[in-house]
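1. Sequence and predicted structure, then a few things I'm wondering about:
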Amino acid sequence: MTGSGLRPAVEVVEAGGHVVRIVDGHLLAAEGDARPIGHDLPHRGVELTVDAGGYRARWSRDTFSLPALARVFAGGAAGGALLRLLGLPGAVLGTLIAVGVARGARPACPADLADPAVTVREDGPDLVLSSPSLAALVVAVMELTGAPGPVTVSPASGVAEGVRLADVGGLPDIVAQFRDVAVSFRHPDVMARWGATRPQGILLSGPPGTGKTMLAQALANEIGAGLREIRTPEILDKWVGNSEKNIQRIFAEAREQRSPTVLLFDEFDSIISYTGAALDAAGQMINAVAGIFKQEMNTLIEANPNVIVVATTNFPDRVDASLVRSGRFDLKLTVPLPGPQARADILTRLVRALIARHETPGFRMFADDLDIPALAAATTGLTGADFKEALRRAQLAKAMREARTGAPAPPIGHAELLEALTGLRLAGPPALG
Ligand code: ADP
């Protein structure tokens, strides 16, 4: 794939002093089931979705500065009126205009503002805004939350801090299984009607940097769940009995969660090593920790269907076998080192996400000569994490050059990216294959 195929379509819409960047708007079209939309609204609680009925924004009413207004509009009202009430001239909506498309990779599509009506209603503790126009909806959210913008929205959330399954490259089967888990969590009523139990324990094993942690984070975002990440130091304690207590505390908190939560045990093997470990004090401690973990996980899964436990490990054979066998990890998935096609897919997604986030009509981050299959072919043994690092270095080199000289640096070209990638391999541990 060359540069132009990589470049997402960016629409820039300006309205009443607000700027909304819509990335790959054509991919945002609804497909029936509600799908999340990535965004970088600074107000983190805002959830944007699209379904067959149009675009929706939902967030907690408590954080909204004009709660009385929401009540006035309970049941739905025209968005033009809403914005007028907020002190905006009604004409603002009429003058919403598309001011540009980031360079000519795709034909300029006029912004979708033919019907800019925004309706608002209260739904329990939430405020829900709906509109057939994504730009009008985002402008309304910006008004209500006081976001200065510009705000970028896109199908994958490379633009936002919340990574999505669509951002994960080269692992289509695993992503498909994770999507199923997410669907089962979004439809608890259907699951209950059929007496179906959804997977609540997932073990991901594979070499470092292949995307295991990313998958867990993406799953949480896909479900709209909170992510509680537990690292080794939070558990292991040199004092006898304290590690067990730490595990009990973490699981006790998880049992109380009333909203969906992904409990992520990163580098699980260092927390729960194999029972065959030495029978010295350290070995015994690890055995005790594994025992408690098993017990707590059983109790949690029976007590609280809102929690999914995801454990990641680079060393699956170090994880206590009885724990893995215990039936509590319904999904045990191996995340392999990416092959050439998977590498091309990962690179494409990383580059597209950077373009979506940083390119503007006046600024180009990547040149058109990027040849992704050639880069993928030259990077045997590298992982997604390596690609991310090489891109970070290439970005930094450009920024430093521009900062030092004061002259705009040209976009990152194929040769430069290849050099950053191969330089990484020379500097890093030997390639694996
Ligand atoms: P692991 O947990 O397997 O060690 P991470 O999930 O921490 O790996 O990967 C680090 C970063 O590398 C991720 O945040 C992501 O930016 C990038 N990355 C790794 N694998 C992939 C992938 N398959 N697709 C897209 N990005 C990836």
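-> In hand now; what should we look at? Numbers count the residues shown, from 1 in each chain.
2. Tell me which residue of the stretch 151-300 of the chain lies closest to the ligand.
-> Here the stretch 151-300 of the chain gets closest to the ligand at one residue, residue 211, 2.9 Å apart by C-beta to the nearest ligand atom. Using the backbone N, CA and C atoms, a C-beta is placed for each residue, glycine as well.
3. So that residue sits against residue 335, correct?
-> Yes. The criterion here is C-beta atoms under 8 Å, and residue 211 meets it with residue 335 at 6.2 Å.
4. ok, those two, which is more surrounded?
-> Shown here are residue 211 and residue 335; by other C-beta atoms under 10 Å, residue 211 has more neighbours (27 against 23).
5. give the contact list for the closest residue to that one other than its chain neighbours.
-> Counting by C-beta to C-beta, 6 or more residues apart in numbering, residue 384 is the residue found nearest to residue 211 once chain neighbours are left out, at 5.1 Å. If you count contacts by C-beta atoms under 8 Å, 6 or more residues apart in numbering, residue 384 has them with 169, 170, 209, 210, 211, 214, 338, 346, 350.
6. re earlier: shared neighbours of residue 211 and residue 335, anything?
-> Joint contacts of residue 211 and residue 335 (C-beta under 8 Å, 6+ apart) are residue 171.
7. just the helices in the stretch 301-433 of the chain please.
-> Using DSSP state H, counting those that start in this stretch, the helices of the stretch 301-433 of the chain run over 321-325, 340-358, 372-377, 384-405, 414-427.
8. for the stretch 151-300 of the chain, same thing?
-> Using DSSP H, counting those that start in this stretch, helices in the stretch 151-300 of the chain cover 172-186, 188-193, 212-223, 232-235, 242-256, 268-271, 281-303.
9. Close to the ligand: what parts of the protein are there?
-> Proximity of the chain to the ligand, by C-beta under 6 Å from any ligand atom, involves residues 168-171, 208-214, 312, 346, 349-350, 383-385, 388.
10. what's the neighbour count on residue 233?
-> Neighbour count of residue 233, defined by other C-beta under 10 Å: 10.
11. Report pLDDT for it.
-> pLDDT for residue 233: 78.
12. Okay, it and residue 343: tell me how far apart.
-> Look at residue 233 and residue 343: by C-beta to C-beta, to the nearest Å, they are 33 Å apart.
13. now swap in residue 413 and tell me
-> For residue 413, the distance to residue 343 - C-beta to C-beta - is 19 Å.
14. Looking at these two, which is more packed in?
-> Each of residue 413 and residue 343 has its neighbours counted (other C-beta under 10 Å); residue 343 has more, 28 against 16.
15. where's the closest residue to the more buried one other than its chain neighbours relative to residue 237, distance?
-> Leaving aside its chain neighbours, residue 343 sits nearest to residue 376 (3.9 Å; criterion: C-beta to C-beta, 6+ apart). For residue 376, the distance to residue 237 equals 44 Å [C-beta to C-beta].
16. what about the two, which has more around it?
-> residue 376 (25 against 15).
17. pLDDT score assigned to that one?
-> 96.
18. In contact with it, which residues?
-> Per C-beta under 8 Å, 6+ apart, neighbours of residue 376: 340, 341, 343, 344, 347.
19. can you rerun that using 7 Å?
-> Residue 376 makes contact with 340, 343, 344, 347, according to C-beta atoms under 7 Å, 6 or more residues apart in numbering.
20. Then residue 56?
-> Counting by C-beta under 7 Å, 6+ apart, residue 56 has contacts 49, 128, 129, 130.
21. Just the ones in helices from those, please.
-> Per DSSP state H, helices hold no members of those.
22. From those residues, pick the one nearest residue 120.
-> residue 129 (5.1 Å; C-beta to C-beta).
23. Go ahead and confirm the closest one touches residue 118.
-> Yes. If you go by C-beta atoms under 7 Å, residue 129 and residue 118 touch, sitting 5.6 Å apart.
24. ok, the two, which is more surrounded?
-> It is residue 118, of residue 129 and residue 118, that has more neighbours when counted by other C-beta under 10 Å, with 28 against 25.
25. how near is that one to the ligand?
-> 34 Å (C-beta to the nearest ligand atom, to the nearest Å).
26. before we move on, back to that, of the contacts of residue 384, which pair is most distant in space?
-> The widest separation within the contacts of residue 384, taken as C-beta to C-beta, falls between 210 and 350 and amounts to 13.8 Å.
27. about what we covered before: and the residue nearest to residue 343, how far from the ligand?
-> Distance from residue 376 to the ligand, by C-beta to the nearest ligand atom: 13 Å.
28. Quick check: closest non-adjacent residue to residue 231.
-> Here the residue nearest residue 231, using C-beta to C-beta, 6+ apart, is residue 266, at 5.8 Å.
29. What is the neighbour count of that neighbour?
-> Residue 266: 18 neighbours (other C-beta under 10 Å).
30. OK, contacts around it?
-> Contacts of residue 266 (C-beta under 7 Å, 6+ apart): 213, 229, 231, 312.
31. Buried among those residues? Make that a ChimeraX selection.
-> Buried subset of these, written as a ChimeraX selection, criterion 16 or more other C-beta atoms under 10 Å:
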select :213,312
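32. Out of the contacts of residue 266, name the ones that lie in strands.
-> 229, 312 (DSSP state E).
33. How is the protein partitioned into domains?
-> Following the assignment in automatic domain parsing, the chain carries domains at 3-64+106-155, 68-104, 171-334, 340-423.
34. which of the ones you listed has the lowest average pLDDT?
-> domain 68-104 - the lowest mean pLDDT of these, at a mean of 35.
35. Next, name the residue at the spatial heart of this structure.
-> For the chain, the residue sitting closest to the mean C-alpha position, by C-alpha atoms, centre = their mean, is residue 163 at 1.5 Å.
36. Kindly confirm whether my reading is correct that that one touches residue 219.
-> No. Residue 163 is not in contact with residue 219 according to C-beta under 7 Å; the separation is 9.9 Å.
37. give the contact list for residue 151.
-> 20, 39, 40, 41, 138, 142.
38. partner residues bridging it?
-> Residue 151 forms beta bridges with residue 20, as assigned by DSSP bridges.
39. what about it, distance to residue 13?
-> Taking C-beta to C-beta, one finds residue 151 at 10 Å from residue 13.
40. Likewise for residue 401?
-> 32 Å.
41. Also residue 395?
-> From residue 395 to residue 13 the distance is 27 Å (C-beta to C-beta).
42. and if you look at residue 400?
-> From residue 400 over to residue 13 the distance is 33 Å, taken as C-beta to C-beta.
43. now residue 267
-> Counting by C-beta to C-beta, the gap from residue 267 to residue 13 is 44 Å.
44. Who has more neighbours out of the two?
-> Taking neighbours as other C-beta under 10 Å, residue 267 and residue 13 compare with residue 13 leading, 26 against 17.
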